[in-house]
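Q: Provided below for reference: sequence and predicted model.
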Amino acid sequence: MPMSLILILSALWSCGPREIETSPTSHRISLLPRHWFFPDKPAALQEDVKEIAGSFENGVRAIMGPRLIIGLKPGETLAEDRLRDLEALGFRPLLATLGEESRIKIFEGASAAQLLNQNILDTFAQENGVDFVHPDFKLTLRHHFPSPLSFSETKRDVASNLALEEQAVTEPLFHKAWHLDVIQAPTFWTHSKGGAEVTIAVIDLGFESTHPDLEPAWQSRGWNFAIDNQNLIYGAGPGHGTATSGIVGARENSLGTLGVCPQCSLLPLVIDDRVSTAILAFQYAKAQGASVVSNSWGYGIDLPVMQGLVAAIDEITTEGRGGKGASVVFAMGNLHRDDCGGRFPDLSSLEQVIAVSSVGRNMKKVNSSGFGPCLDLVAPSSATPLGGIVTTDRVGAKGFNSGQKEDLTDLNYTQRFYGTSAAAPQVSGAMGLIYSRWPEISRRDAEEKLMQQAQKVDRDTGAYDPRSGKSEEYGHGLLFLGF
């Protein structure tokens with residue numbers, strides 16, 4: 001990783017932007033990609049922050065918050081006098097006990113103005129043991145759940161499929177779980193349906209924590225980093241997190257449907273539009289021993305990625321699972337664009353991340369989904385609610401299923417969850433199955449095993465490279481568990 005501080009301004013994908021209110025203790029700023037922050041040039045660091053404060057560009061807005069994010073070089077610690085200086089200025093460490101082993105430290109102050117007016121950024125940029133330092137940012141929130149588009153796929157049930165029928169499963173919605181048949185999850189289940197010792201963290205915008213098909217799966221009550229407590233429903237999208245969690249690990253209990261890894265433990269983690277909450281979520285997932293981290297959210301087009309978040313992902317993928325490494329899965333965007341290129345590639349383009357896009361029931365690429373050379377796998381989903389994935393929903397009529405005739409009669413479930421948000425959790429569940437069956441396997445070997453099993457769909461137009469076996473539209477191919 002370069003010795004530079006990369007200013008990250010991010011925006012999560014959603015059905016539409018949500019305007020962020022200005023905080024009286026924050027400085028509103030916008031994306032100016034030409035500004036790069038270098039610890040060895042502290043004066044430039046301060047001036048760049050001051051210059052962009054209050055400006056806007058291309059409609060991208062962000063609010064600079066009162067949190068300070070410091071990345072330490074390997075083996076380094078913050079000097080005691082620097083910690084005392086921060087305490088004297090009113091800064092307190094966040095999750096201090098969990099961060100002991102992490103080189104990323106986050107401190108919260110009274111206002112964003114402190115970071116500029118009291119030269120805090122400059123001070124820490126000059127420390128020999130500091131790799132990077134930057135303020136926190138609050139950003140327009142988006143998730144990987146697309147707006148409805150024109151749809152030509154044919155809706156069908158797969159109740160007659162042999163792979164599903166061979167399973168002695170009593171879930172009433174199991175026959176509608178067409179995606180499980182496509183990826184051949186029932187075949188893998190003859191070996192393992194996962195294990196409670198394997199935890200899959202789901203980072204999202206909110207969860208229905210008492211859903212009867214999910215509550216038995218929670219490793220713990222999880223944590224809400226938006227409000228710093230265990231109220232998981234609070235957030236921008238409790239329905240979204242409930243749906244992604246169900247695809248990962250809904251329980252086998254004769255109530256509704258099944259997740260890909262129905263016996264794995266789940267760890268629900270809520271973030272909001274502050275980048276620091278995502279960093280904290282990855283740190284928490286690592287501290288709780290998560291083997292997989294599922295992410296159906298991402299960043300806006302051509303926005304740089306904050307170095308603190310990249311460092312947090314680096315830590316869990318290299319140091320997680322007792323040093324064997326944990327897998328981080330990210331959904332690509334819901335636009336037909338190269339998420340791996342441009343000035344600032346998408347977060348899913350990181351080498352240590354499994355990037356996931358989607359195919360429809362016809363095994364063709366969903367047009368409204370990301371592609372590019374960094375794409376690893378595709379999984380079943382659709383471009384609109386018609387032909388979507390069956391999964392858990394908010395209890396009652398508060399979620400995606402509000403009683404519309406196209407959806408299920410049981411309002412605790414929906415069959416209209418779609419987009420890359422529905423594809424990525426399937427890969428997360430698959431990684432959970434692999435870690436359950438081969439507990440001593442390294443992250444790299446586990447992910448390589450899954451890539452090698454991928455099925456080459458759409459060979460005629462998929463343009464798979466004969467040397468690498470990859471396609472920019474399909475990656476290594478369709479997620480496949482028939483081994």
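A: Here it is on my side, so go on. Numbering: from 1, shown residues only.
Q: for the protein, what spans make up the helices?
A: Using DSSP state H, the helices found in the chain span residues 42-52, 80-88, 112-117, 120-125, 162-165, 178-182, 185-189, 238-249, 275-287, 307-319, 420-437, 443-453.
Q: buried residues in the third one?
A: The neighbour-count criterion (16 or more other Cβ atoms under 10 Å) identifies 112, 114, 115, 116 as the buried residues of helix 112-117. C-beta: built from backbone N, CA, C; applies to glycine.
Q: now do the last one
A: Using 16+ other Cβ under 10 Å as the burial criterion, the residues of helix 443-453 that qualify are 443, 446, 447, 450, 451, 453.
Q: name the helices or strands packed onto that helix?
A: Packing partners of helix 443-453 (3 or more Cβ pairs under 8 Å, 6 or more residues apart in numbering; DSSP states H and E): strand 327-331, helix 420-437.
Q: again with the longest one
A: Helix 420-437 sits against helix 185-189, strand 199-204, helix 238-249, strand 292-295, strand 327-331, strand 353-359, strand 377-380, helix 443-453, with contacts defined as 3+ Cβ pairs under 8 Å, 6+ apart.
Q: orientation of the third one relative to strand 327-331 in degrees?
A: Using axes from the mean of the first three to the mean of the last three Cα atoms, to 10 degrees, one finds that helix 238-249 and strand 327-331 are set 130 degrees apart in direction.
Q: could you point out where the chain is predicted with low confidence?
A: Where the chain drops to pLDDT under 70, the residues are 1-62, 96-100, 139-168, 235-237, 299-304, 344.
Q: Now distance to residue 308 too, for the helices and strands packed on helix 420-437, in JSON lines please.
A: Supplementary listing: these in JSON lines, determined by distance: least, Cβ to Cβ, whole Å:
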{"stretch": "helix 185-189", "distance to residue 308": "36"}
{"stretch": "strand 199-204", "distance to residue 308": "15"}
{"stretch": "helix 238-249", "distance to residue 308": "23"}
{"stretch": "strand 292-295", "distance to residue 308": "16"}
{"stretch": "strand 327-331", "distance to residue 308": "15"}
{"stretch": "strand 353-359", "distance to residue 308": "16"}
{"stretch": "strand 377-380", "distance to residue 308": "27"}
{"stretch": "helix 443-453", "distance to residue 308": "21"}
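Q: what's the closest of those to residue 369?
A: strand 353-359 (4.5 Å; Cβ to Cβ).
Q: For residue 92, see how far away residue 105 is.
A: According to Cβ to Cβ, to the nearest Å, residue 105 and residue 92 sit 11 Å apart.
Q: More neighbours: which of those two?
A: residue 105 (23 against 11; other Cβ atoms under 10 Å).
Q: between the helices and strands packed on helix 443-453, which one is nearest to residue 401?
A: helix 420-437 (14.4 Å).
Q: Tell me the gap between the closest one and the middle of its chain.
A: Relative to the centre of its chain, helix 420-437 is centred 12 Å away, using Cα atoms, centre = their mean, to the nearest Å.
Q: Pull out the buried residues from that helix.
A: 420-437.
Q: re the thing from before, same list (the helices and strands packed on helix 443-453) but as JSON lines, adding distance to residue 212.
A: Output for these, formatted as JSON lines (distance: least, Cβ to Cβ, whole Å):
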{"stretch": "strand 327-331", "distance to residue 212": "26"}
{"stretch": "helix 420-437", "distance to residue 212": "19"}
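Q: So for residue 305, which of these sits nearest?
A: strand 327-331 (11.4 Å).
Q: Please enumerate residues in contact with that closest one?
A: Residues from elsewhere that reach strand 327-331 (Cβ atoms under 8 Å, 6 or more residues apart in numbering): 144, 282, 291-298, 313, 316-317, 347-348, 350, 352-357, 419-421, 423-425, 427-428, 431, 435, 443, 446-447.
Q: do the same with stretch 219-232
A: Under the contact criterion Cβ under 8 Å, 6+ apart, stretch 219-232 has outside partners 199, 206-209, 234-235, 238, 241, 265-272, 274, 277, 280-281, 284, 288.
Q: Check which residues of it are buried.
A: For stretch 219-232, a neighbour-count test (16+ other Cβ under 10 Å) marks 219, 222, 223, 224, 225, 226, 232 as buried.
Q: Nearest to residue 393, out of the buried residues of helix 112-117: which one, please.
A: residue 112 (37.8 Å).
Q: Can you tell me the centre-most residue of this protein?
A: The centre of the chain sits closest to residue 295, judged by Cα atoms, centre = their mean, with a distance of 1.8 Å.
Q: pretty sure it is touching residue 203, no?
A: Yes: shown here, residue 295 and residue 203 form a contact pair, counting by Cβ atoms under 8 Å, at 5.3 Å.
Q: Now list whatever residues contact both of the two.
A: With the criterion set as Cβ under 8 Å, 6+ apart, the contacts of residue 295 and residue 203 do not overlap.
Q: Now do the contacts for the closest residue to residue 267 other than its chain neighbours.
A: If the residues on either side of it in the chain are set aside, residue 267 comes closest to residue 201, at 4.2 Å by Cβ to Cβ, 6 or more residues apart in numbering. Applying Cβ under 8 Å, 6+ apart, one finds that residue 201 lies in contact with 266, 267, 268, 269, 281, 284, 285, 288, 290, 292, 293, 294.
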